[in-house]
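Participant: need the 3D shape of this:
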Amino acid sequence: MPSALVVGYDPQAIPGADADALRASLDAELVRFGHHGIDAAMALIVFGESVESVLVAALTERPWDVVVIGGGIRRTEQLLPIFEQTVNLIRRHAPQAAIAFNTSGGDSVEAAQRHL
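Facilitator: Residues are numbered from 1 along each chain as shown. Below you'll find the predicted structure:
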């Protein structure tokens, strides 16, 4: 079974966001991966916290086929250093994995499928 790791920004850390609704949406997307025969997990990171330790633990948990980097990390100028760090950690700790980008939390499956 192919595998995918989705890396995203933790909804709990987004000021003014409905974190519970966003988390429910992310969890639903993980279920959708299963419906497509893809074993998926999620790593949620927070700016200013130990991004590296969270990502390295997730990336080395198993050999991932694809790592999907969420738009919340890529689209926010303030998070550019985290985006760069994420790409470099993937290259270092999961070099066998393709890197994919979603447009929203609801199309991570399609992003992963482009590389599986």
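Participant: where are the low-confidence patches of this protein?
Facilitator: Counting by pLDDT under 70, the ranges of the chain that qualify are 19.
Participant: for it, which segments count as strands?
Facilitator: Remark: strands of the chain, listed N- to C-terminal, are 3-9, 39-45, 66-69, 98-101; assignment by DSSP state E.
Participant: other residues contacting stretch 41-48?
Facilitator: The set of residues external to stretch 41-48 that reach it, using Cβ atoms under 8 Å, 6 or more residues apart in numbering, is 3-13, 26, 30, 51, 54-55, 57-59, 61, 73, 78-79, 82, 86. In this view, the C-beta of every residue, glycine as well, is placed from N, C-alpha and C.
Participant: against which helices or strands is the longest helix along the chain packed?
Facilitator: Secondary structure of the chain per DSSP state H: the longest helix is helix 19-35. Contact here means 3 or more Cβ pairs under 8 Å, 6 or more residues apart in numbering; DSSP states H and E; on that basis helix 19-35 packs against strand 3-9, strand 39-45, helix 108-113.
Participant: can you do 6 Å?
Facilitator: Contacts of helix 19-35 with other secondary structure elements, assessed using 3 or more Cβ pairs under 6 Å, 6 or more residues apart in numbering; DSSP states H and E, are made with helix 108-113.
Participant: show me which residues of the helix it packs on are buried.
Facilitator: Using 16 or more other Cβ atoms under 10 Å as the burial criterion, the residues of helix 108-113 that qualify are 108-109, 111-113.
Participant: quick one: contacts for the closest residue to residue 29 other than its chain neighbours?
Facilitator: The shortest distance from residue 29 to any residue that is not its chain neighbour, by Cβ to Cβ, 6 or more residues apart in numbering, is 5.2 Å, and that residue is residue 108. The neighbours of residue 108, taking Cβ atoms under 6 Å, 6 or more residues apart in numbering as the test, are 6, 29, 68, 102.
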